[in-house]
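Colleague: build me a model from this:
(2 chains)
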Amino acid sequence: MDQYRLEKVSKIFDRRLVAVDGIDLGVQRGERVALIGPSGAGKTTLFRMLNCTLRPTAGRLWINGDEVVTLHGKRLREARRKIGTIYQQHNLVPRLKVVHNVLAGNLGQWSTVRSLSSLFRPVDLELANRALRQVGIEEKIFARTDELSGGQQQRVAIARVLMQDPEAILADEPVSSVDPSLATVIVKLLIEISQKTRKTLLINLHGVDLALAYFPRVVGIKNGKALFDLPPDKVSDSLLEELYSGHLPDNQENGLTDEESKPLVYQ
Amino acid sequence: MNEITPEIDRPHIPWPSHEDGGRGSLWNYFLLASLVVLFIWSYQGSEIRLAQLFSREGGGEILSYIKKLFPPDFSPPVLREAFRGAIETFAISFIGTLLAVVIALSVVFFASRNLIFSGLLYEMEPRRGWRRTLRLLPYLCAKSLLNLLRTIPEMVWALIFVFLVGLGPFPGVLALGIHTGGVLGKLFGEVLEDVDAQPIESLQSTGANRLQILFYSILPQVLPQFISYTLYRWEVNIRVAAVLGFVGAGGLGQRIHIAINLFFGNQLLTLIIAIYILVTAVDYLSAYLRRKVI
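Modeller: Okay, here's the model as predicted:
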């Protein structure tokens, strides 16, 4: 069954900034796909459409057979609940305790009253603890989130997705704000989770090596278009060169100059 | 031994205003001239008579008035009255500020466009349509209500409420609460519209509804600033509460008003000292609490 089907999906900001330019893509349930490409290529914007945050400007996008533009209210929230997203950074609420950030993964299932009462006295403490144990930081459960290191915060974000128990996990550059030795560990953790529970895993990776080493399918994105969509052994050096040509390879470290990663600004 | 330091080649950096033909500086002269005109006009409009203030008679009058204030009257009945006035003023400012928080919190969420009709939370909604128009209505109502409360000064509210509910601290509480409610509503609204969008986006993507996003992501972010603004307005309000009595709304102000009108100079000084102590104490307390919050 199709997890995702995209037909000529485009996203244009402010009527002129073309972030995603007519992408066709199909992803099967349970598949693991890595997206690579220079920063500003439109990967983050693509993910924000895939998790129902942004509406495509043009083209058609189906999630689990439902076309997203037809989803509103309860059905839209239900569709979002089935997709877990791990962001590059700043995705947790810094002033809340870790336990609340983890339990926030349940909000799609909880009633408003239950979620409010959990802020005063956490419900499902056992589940939160189990999720944190899976990512190896159960001792931080009552710490304030902003006291954690970048890598630990990323683990909390993964624990939240575990809590959410979605059908698909979207990881948007999950390792570009942690140090390299940790990057492999986190990518492996995500793969392990997706394999164990047969979840679809889509990942944006800054590091080409990680993508080629661990993912059976690699999609190269450049200027909002899909340049290639191949198994890793077919991704040649010349293809990679073409993918990154015109871009300095290492100016993407901070991730903040990335036009597409800016949050949608409130008027 | 005296080595000659190499001459540093200083590049000539042109002064910017020379480049655009001095248009910038002309504009500055115009601004300066306008300021001078505005000053002269306002000076005459406010009927300032410095000569009178510093003349022999004027100065003498001020001196003799000040002399009449001393010594402050520390007799037990006056002290008791000053103490009661101070307590009343404190109570007015405290309850008034609390009332203001209740008013601000019950209106402000409707007055924040990012919570009520635009931005991330409404990105996936249909662009046009009656629902969007319908949401605009509470926004406009809330916004104009806050403006109305805020633009009418406390003193005017106090006069209205003295007329409606009679003399005493109660109209003072209502006046402070309503005006400050408008002020806090505007300040809270600005904080809410400035909130970090990324935690909101990530919670929304888990399927959380808007109320859940409010409790889990927005309120934890804004609460410290809400508290800080509230404490700051409390500092302002203790001063306002001290003069609200001039229009009959209780507290130290009412007693000061009486003391001035009946020429009780020594009692007046006692009351002024009471205001000084009270305001200073609240300033310190509030500053301390604000440091704790942030």
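
Colleague: identify the residue nearest A:R114 in space, chain neighbours excluded?
Modeller: When the adjacent residues along the chain are set aside, A:R114 lies closest to A:V123, with 6.8 Å between them (CB to CB, 6 or more residues apart in numbering or on different chains). Any C-beta I mention is one placed from the backbone N, CA and C, and that applies to glycine too.

Colleague: so that neighbour, which of the three states?
Modeller: For A:V123, the secondary-structure state derived from DSSP: H, G, I helix; E, B strand; the rest coil is coil.

Colleague: likewise for B:G58?
Modeller: Relying on three-state DSSP, one would call B:G58 helix.

Colleague: pull out the buried residues from the one helix or strand B:I260 maps to.
Modeller: Under the criterion DSSP states H and E, the helix or strand holding B:I260 is helix B:251-261. For helix B:251-261, the neighbour count (16 or more other CB atoms under 10 Å in any protein chain shown) marks B:G251, B:L252, B:G253, B:Q254, B:R255, B:I256, B:H257, B:A259 as buried.

Colleague: same thing with stretch B:280-294?
Modeller: So, applying 16+ other CB under 10 Å, buried residues of stretch B:280-294: B:V282, B:S286, B:R290.

Colleague: any idea of the mean pLDDT for the helix or strand hosting the first one?
Modeller: For B:V282, the element it lies in under DSSP H and E is helix B:265-293. In this model, helix B:265-293 has an average pLDDT of 89.

Colleague: which other helices and strands contact that helix?
Modeller: In terms of contact count using 3 or more CB pairs under 8 Å, 6 or more residues apart in numbering or on different chains; DSSP states H and E, helix B:265-293 is assigned the packing partners helix B:56-69, helix B:76-108, helix B:219-244, helix B:251-261.

Colleague: picking that back up, contacts for the helix holding B:I260 next, please.
Modeller: Helix B:251-261 has contacts (CB atoms under 8 Å, 6 or more residues apart in numbering or on different chains) with B:81-82, B:85-86, B:88-89, B:92, B:167, B:169, B:172, B:241-246, B:248, B:264-265, B:267-268, B:271-272, B:274-275, B:278.

Colleague: just the buried residues out of those, in ChimeraX syntax.
Modeller: What follows is the ChimeraX syntax for the buried subset of the contacts of helix B:251-261, where burial is set by 16+ other CB under 10 Å:
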select /B:81,82,85,86,88,89,92,169,172,241,242,243,244,245,248,264,265,267,268,271,272,274,275,278
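
Colleague: pLDDT below threshold where in the chain?
Modeller: Looking at chain A here, since you left the chain open. Scanning chain A for pLDDT under 70 picks out the ranges A:90, A:247-267.

Colleague: meant chain B actually
Modeller: B:1-24, B:127-128.

Colleague: can you pull the contacts of the residue in the stretch 101-250 of chain A that chain B sits nearest to?
Modeller: Proximity to chain B, evaluated over the stretch 101-250 of chain A using CB to the nearest CB, is greatest for A:G108 at 2.7 Å. Residues in contact with A:G108, defined by CB under 8 Å, 6+ apart, are A:R77, A:E78, A:R80, A:R81, A:Q164, B:T206, B:G207, B:A208.

Colleague: quick check: domain ranges of chain A?
Modeller: With domains defined by automatic domain parsing, chain A comprises A:2-82+A:167-261, A:91-165.

Colleague: just the ones you listed: most buried one?
Modeller: Neighbour counts (mean count of other CB atoms under 10 Å in any protein chain shown) averaged over each of the domains of chain A peak at domain A:91-165, with a mean of 19.

Colleague: with the buried residues of stretch B:280-294 in mind, which one is nearest to B:I48?
Modeller: Using CB to CB, B:V282 is the member of these that lies nearest B:I48, at 32.8 Å.

Colleague: neighbours around the closest residue to that closest one other than its chain neighbours, how many?
Modeller: Among residues not flanking B:V282 along the chain, B:I238 sits closest, at 4.5 Å (CB to CB, 6+ apart). Neighbourhood size, B:I238 [other CB atoms under 10 Å in any protein chain shown]: 27.

Colleague: quick one: B:I238 from chain A, how far?
Modeller: When CB to the nearest CB, to the nearest Å is the yardstick, B:I238 and chain A sit 29 Å from each other.

Colleague: so which bits of the stretch 151-294 of chain B are right by chain A?
Modeller: Residues of the stretch 151-294 of chain B lying close to chain A (CB under 8 Å from any CB of the partner chain) are B:193, B:196-199, B:201-209, B:211-212, B:215-217, B:220-221, B:223-224.

Colleague: any part of stretch A:12-31 near chain B?
Modeller: No: using CB under 8 Å from any CB, stretch A:12-31 never reaches chain B; the gap is at least 11.7 Å.

Colleague: need phi/psi at B:V195.
Modeller: phi -70, psi 150 (degrees, to the nearest 10).

Colleague: hang on, it packs against B:V222?
Modeller: Yes: the pair B:V195 and B:V222 passes the contact test of CB atoms under 8 Å, sitting 6.1 Å apart.

Colleague: hmm, back to that, how about the residue of the stretch 101-250 of chain A closest to chain B, secondary structure?
Modeller: The local conformation at A:G108, judged by three-state DSSP, is coil.

Colleague: sec struct for the closest residue to it other than its chain neighbours, please.
Modeller: Counting by CB to CB, 6+ apart, the nearest residue to A:G108 once its immediate chain neighbours are dropped is B:G207, at 2.7 Å. The three-state label given to B:G207 by three-state DSSP is coil.

Colleague: ok so, going back, and which of the buried residues of helix B:251-261 is nearest chain A?
Modeller: Nearest to chain A among those is B:G251, at 37.2 Å by CB to the nearest CB.

Colleague: quick one: that closest one from A:T197, how far?
Modeller: In this structure, B:G251 and A:T197 are 66 Å apart, going by CB to CB, to the nearest Å.

Colleague: check B:L159 too.
Modeller: Counting by CB to CB, the gap from B:L159 to A:T197 is 68 Å.

Colleague: for A:L119, same thing?
Modeller: Shown here: A:L119 relative to A:T197, a distance of 28 Å by CB to CB.

Colleague: for the closest residue to A:G30 other than its chain neighbours, which three-state class applies?
Modeller: Leaving aside its sequence neighbours, A:G30 sits nearest to A:R198 (CB to CB, 6+ apart; 4.8 Å). When the structure is reduced to helix, strand and coil (three-state DSSP), A:R198 reads as coil.

Colleague: for A:R198, give its distance to A:I137.
Modeller: The gap separating A:R198 from A:I137 is 25 Å, by CB to CB.

Colleague: same thing with B:I238?
Modeller: From B:I238 across to A:I137, the span is 47 Å (CB to CB).

Colleague: now do the helices in the stretch 101-250 of chain A.
Modeller: With helices called from DSSP state H, counting those that start in this stretch, the stretch 101-250 of chain A shows them at A:112-120, A:125-134, A:150-164, A:180-196, A:208-214, A:237-244.

Colleague: and the longest one, what other elements does it pack with?
Modeller: I take that to be helix A:180-196. Helix A:180-196 sits against helix A:150-164, strand A:168-172, strand A:200-204, helix A:208-214, with contacts defined as 3+ CB pairs under 8 Å, 6+ apart.

Colleague: what's stretch B:97-112 in contact with?
Modeller: Applying CB under 8 Å, 6+ apart, the external contacts of stretch B:97-112 come out as B:115-116, B:138-139, B:141-143, B:145-146, B:149, B:173-174, B:176-185, B:188-189, B:192-193, B:214, B:230, B:233-234, B:237.

Colleague: among those, which lie within strands?
Modeller: Judged by DSSP state E, the subset of those located in strands is empty.

Colleague: may I see the ChimeraX selection of the buried members of these?
Modeller: Here is the ChimeraX command that selects only those of these that count as buried (16+ other CB under 10 Å):
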select /B:115,116,139,142,143,145,146,149,173,174,176,177,178,179,180,181,182,183,184,185,188,189,192,214,230,233,234,237
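
Colleague: hang on, the earlier thing: reformat the helices and strands packed on helix A:180-196 as CSV; add distance to B:V37.
Modeller: Putting the helices and strands packed on helix A:180-196 into CSV (distance: least, CB to CB, whole Å) gives the following:
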stretch, distance to B:V37
helix A:150-164, 57
strand A:168-172, 58
strand A:200-204, 61
helix A:208-214, 67
